[in-house]
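Participant: Sequence and predicted structure below; questions after.
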Amino acid sequence: MLYALFHGIWPGQYAAGEISSIMAWDLDKEQLVYSIPSLSDSSISALSASQVHGGQLAAGFVDGSVKLFDVRTPEMLVCAARPHTQKVERVVGIGFQPGLDPAKIVSASQAGDIQFLDVRNGNGAYLTIDAHRGSLTALAIHRHAPLIASGSAKQIIKVFSLEGSQLGTIRFYPTFMAQKIGSVNCLAFHPYQVLLAAGAADALVSIYADDNSQAR
């Protein structure tokens, strides 16, 4: 079963799932370029490719561990950590923080915690956000703006700064003409604008903008 699929800055994409490797495909040539060993007994449940440093990708696993890979190095595996240690620890979202630092990543687990990691530091996460209680389903990280968003099965989306401050909440209100949002399945930021797209279990896709964007 395919669990993760992600485009990098090169003309290809990475795919992983219930297999022991991450597959890197060149879409132009329609060829398998790399088969990267995951070096884990657990399946990969989240995957992200760096949009700044070509060849780098981060993977999250169903046992709560995360790994950073670089296909330009002989070993490919750069480092590994296990920031999620709660009972429900499946990694459901992972990504690189905005900026040029390739070692800082954000990882979110199904238990509801979001962990900020500097993979060069073996002491674990330097910041933790308890975003949702056992229902986190999606994570999005803006490519340039210092914003992250998390969604839950309980029809809530939260937006945070890179310092952990909650900047806003989007939730379901069961009243006439009120805002409608279903159980969140996936989230994605626009690469340059402050726009957030959300896909829900009710087959609806919504796009949200901040107040400044609407004013313009």
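Facilitator: Sure thing, it's come through. Numbering: from 1, shown residues only.

Participant: start to end distance for stretch 56-72?
Facilitator: One end of stretch 56-72 to the other measures 8 Å (CA to CA, to the nearest Å).

Participant: let me fix that: stretch 138-145
Facilitator: First-to-last residue span, stretch 138-145, CA to CA: 18 Å.

Participant: Mind listing what's buried along that stretch?
Facilitator: Buried residues in stretch 138-145, counted by 16 or more other CB atoms under 10 Å: 138-142, 145. For every residue, glycine as well, the C-beta is placed using N, CA and C.

Participant: How about stretch 33-46?
Facilitator: 34, 36, 38, 40, 43-46.

Participant: Mind picking the two most distant members of the residues you listed?
Facilitator: Y34 and S45 (20.1 Å; CB to CB).

Participant: Could you export the helix or strand harbouring Q115 as PDB, CA atoms only?
Facilitator: Here Q115 sits within strand 113-118, counting by DSSP states H and E. What follows is strand 113-118, C-alpha atoms only, in PDB (Å, rounded to 0.1, in the frame of the first residue of the first chain):
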ATOM      1  CA  ASP A 113       1.500  16.500  19.300                       C
ATOM      2  CA  ILE A 114       3.700  18.600  16.900                       C
ATOM      3  CA  GLN A 115       7.400  18.400  17.400                       C
ATOM      4  CA  PHE A 116      10.000  20.900  16.200                       C
ATOM      5  CA  LEU A 117      13.400  19.200  15.700                       C
ATOM      6  CA  ASP A 118      16.900  20.200  14.900                       C
END
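
Participant: What about the buried residues of stretch 33-46, which are in helices?
Facilitator: Among the buried residues of stretch 33-46, none falls in helices (DSSP state H).

Participant: nearest to V71, of those residues?
Facilitator: Nearest to V71 among the buried residues of stretch 33-46 is Y34, at 5.3 Å by CB to CB.

Participant: check contacts around that closest one.
Facilitator: Neighbouring residues of Y34 by CB atoms under 8 Å, 6 or more residues apart in numbering: 22-24, 71, 76.
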